[in-house]
Every structure is written in structure tokens, then in C-alpha cells.
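1. Please work out how this folds:
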Amino acid sequence: MGFGDLKTPGGLKVLNDFLADKSYIEGWVPSQADVAVFDAISSAPSTVLCHALRWYNHIKSFQNQKGSLPGVKKPLGQYGPAGVEDKTAADSKDDDDDDMDLFGSDEEEDAEAEKLKEERIAAYAAKKSKKPTLIAKSSILLDVKPWDDETDMAKLEECVRSISMAGLLWGQSKLVPVGYGIKKLQIGCVVEDDKVGTDQLEEQITAFEDYVQSMDVAAFNKI
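-> Residues are numbered from 1 along each chain as shown. I've put the predicted structure just below:
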């Protein structure tokens, strides 16, 4: 498995396809897996790779918290889809195997992995012990404005819909004239209040700065 060389267009294309239906490299929250892949990229992906760009801008917002994100950072080649060989990571692993004491162990790494496992088991047990509760949801209508009448609105909508978060469901959309030949994208979504906020949506939508000038909340209703 792996993404290949993430400093090349080919590697970034693999990453973009991988993130088409995922918010993070592993799991539902940012982790050391995202840090490992982010650090392997030399610069922000092209706007054509909207899934990768959306993820890159989101993880970039954790720059000052990278060390506190959960998980244990693994070699880059251990992340990503199956069937893509990361030769650099493979060679590095071979070198590590040559130097490794077959009868020894990395006690610090083992302790960290065991601690993470125990935390996840405890969190799962706590979740299972709770009685089902009503999930608070809201219906939001967003106005997404382009820069001008030459903006590709189909691509703008594709970028917006590429944003994927737990508790977010995109709905219907339409183009609404605003004057001088310019149209804005009006798109609805349903969110779980404790997982998704309008500030998060605005941050990720306006990150597609080649297409999006601004985002406003046109309507907000509790469900």
C-alpha cells in the first residue's frame, strides 16, 4: 500500500482519489497518520485535486498542534490504498530491518501503542454503556459566491460537495443570479450540531480560493 511519491503529480492524484470519500487518512479525527502524509507533501495540491486540497488546508490548520494529535506515526508507505508501491519507504524499511535486533523490541513504541489501544477500548465501552440519546441536527442553507461571471460554477459546486465530515450531509443546490451575469451557488445541508459548525464549513469552503470569494449562511433551522 502507499501513495507513491507525494512530491509528484502522480502521487498527489492517488492521494486525491483516496480522499474522495474520506475526511482523514485514518479514522474520523485528525491523527499522526495525517501528519505523516502532510509532511511528505512539498506544497498545496492544485485546485483540480479538490479532495486533496480540502484535506491539506484542513490539516494545515493543526500546524501548531501536530505533536498532540493522537496515534503513532508510521512509515509513509504504510498509509494509503493497496497496490501503490512507495519504493523510498520500502527501502527505508529494509534498512531498518537490517539494523533491528530480532530478539529486542522498541519498548517506548510498544507502550504508546498499548496505551492507545486501552484508550480506544475504554472509549468504546463508555459509548456502548450510554443509552441512545436524541441527536441534535440543523438544516443550513448556504450562499457561496464566486469571484466573477467567468468562474466555473460546476467546478465550484464539485469542490464544495467534496467536503466530507462526520455529521454532514449535502442536499439540493441551485444557481441564483446576483447581477452583472454573476450567479451564486445556493446549497443546502443537514448537520449534527455537536460535530459540524458553520465556522468549520466556512473555513473549508473558502479554502477553495480559486473559485470561492465568500460564503454566507442564508438560513439556519433546528430540526
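2. downstream neighbour of the top helix by length along the chain in the secondary structure list?
-> When the chain is parsed with DSSP state H, its longest helix is helix 107-129. Later in the chain than helix 107-129, the nearest helix or strand by DSSP states H and E is strand 137-146.
3. Would you state the strands of the protein in chain order?
-> Here the chain has its strands, by DSSP state E, at 137-146, 168-179, 182-192, 212-222.
4. which parts of the longest one are buried?
-> Burial within strand 168-179, assessed by neighbour count using 16 or more other Cβ atoms under 10 Å, is assigned to L168, W170, S173, L175. For the C-beta atoms, the positions are set from N, CA and C on the backbone; glycine is no exception.
5. Just give me the closest of these to A125.
-> Nearest to A125 among those: L168, at 27.2 Å, using Cβ to Cβ.
6. List the residues that contact the closest one.
-> Neighbour list for L168: C189, V190, V191, E192, K195, V196, L201 [criterion: Cβ atoms under 8 Å, 6 or more residues apart in numbering].
7. in this protein, which ranges drop under the pLDDT threshold?
-> 1, 83-108, 128-133 (pLDDT under 70).
8. picking that back up, to L19, which of the strands of the chain lies closest?
-> So among the strands of the chain, strand 168-179 is nearest, using Cβ to Cβ, at 14.9 Å.
9. Just want the angle from the closest one to strand 182-192.
-> Interaxial angle, strand 168-179 versus strand 182-192 (axes from the mean of the first three to the mean of the last three Cα atoms, to 10 degrees): 160 degrees.
10. gap between the two ends of stretch 168-187?
-> End-to-end distance for stretch 168-187, by Cα to Cα, to the nearest Å: 13 Å.
11. Distance from the chain centre to it, please.
-> 24 Å (Cα atoms, centre = their mean, to the nearest Å).
12. and if you look at stretch 144-155?
-> 23 Å.
13. Repeat that for stretch 179-193.
-> On Cα atoms, centre = their mean, the centre of stretch 179-193 falls 22 Å from that of its chain.
14. List the buried residues for it?
-> So for stretch 179-193, counting by 16+ other Cβ under 10 Å, buried means I182, K183, K184, L185, Q186, I187, G188, C189, V191, E192.
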